[in-house]
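Visitor: The sequence isn't on hand, but the structure is:
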């Protein structure tokens, strides 16, 4: 028993650092998880119910000659995520990044045509 107490006293800085690190990781992971959940459901609310249906916010479709380029919201979300990782955007915290990930995941998981970007 005394050996364990001596070990704890001797290594208190390592133990304190480990406890703080675990607390910080848990805090930031929780923020990211909450952001992802909110982003997913907000995106689900504003997007179309099925492929090809208009949502509360219209899709971004660019007409280039005889082609239509559909900029899906998951593409926009993925772009925003990478810009936030490199701190180009002002929102680069764990909640904001989680929110953007939620938008991206909803666009990929809820639609079967998520990969169709260029159409004739």
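Guide: Sure thing, it's come through. Fair warning: this is a prediction, and the values are worked out from it, not measured in the lab. Numbers count the residues shown, from 1 in each chain.
Visitor: from here on, contacts and neighbour counts on C-alpha atoms
Guide: Fine.
Visitor: Flag the shaky bits of this protein, pLDDT-wise.
Guide: Scanning the chain for pLDDT under 70 picks out 1-2, 4-5, 8.
Visitor: Now do the strands in it.
Guide: 60-64, 67-71, 118-119 (DSSP state E).
Visitor: Any idea which residue is closest to the centre of this structure?
Guide: Nearest residue to the geometric centre of the chain (Cα atoms, centre = their mean): residue 101, 1.8 Å.
Visitor: Grab the nearest non-local neighbour of that one.
Guide: Excluding its sequence neighbours, the residue lying closest to residue 101 (Cα to Cα, 6 or more residues apart in numbering) is residue 36, at 5.8 Å.
Visitor: pretty sure that neighbour contacts residue 94?
Guide: No - if you go by Cα atoms under 8 Å, residue 36 and residue 94 don't touch, sitting 9.5 Å apart.
Visitor: Can you give me the buried ones in the helix ranked longest in the chain?
Guide: Determined from DSSP state H, the single longest helix within the chain is helix 12-46. Of the residues in helix 12-46, those with enough neighbours to count as buried (16 or more other Cα atoms under 10 Å) are 31, 32, 33, 34, 35, 36, 37, 38, 39, 40, 43, 44.
Visitor: State the distance from the second one to residue 75.
Guide: Using Cα to Cα, to the nearest Å, one obtains 20 Å as the distance from residue 32 to residue 75.
Visitor: Also the first one?
Guide: Distance from residue 31 to residue 75, counting by Cα to Cα: 23 Å.
Visitor: Kindly report the same for the fourth one.
Guide: Counting by Cα to Cα, the gap between residue 34 and residue 75 amounts to 21 Å.
Visitor: Give me the neighbour count for the nearest residue in space to residue 78 that is not next to it in sequence.
Guide: Spatial nearest neighbour of residue 78, excluding adjacent residues (Cα to Cα, 6+ apart): residue 104 at 6.1 Å. The number of residues packed near residue 104 is 25, by other Cα atoms under 10 Å.
Visitor: With the one 4 residues further on instead?
Guide: Neighbouring residues of residue 108 were enumerated by other Cα under 10 Å; the total is 16.
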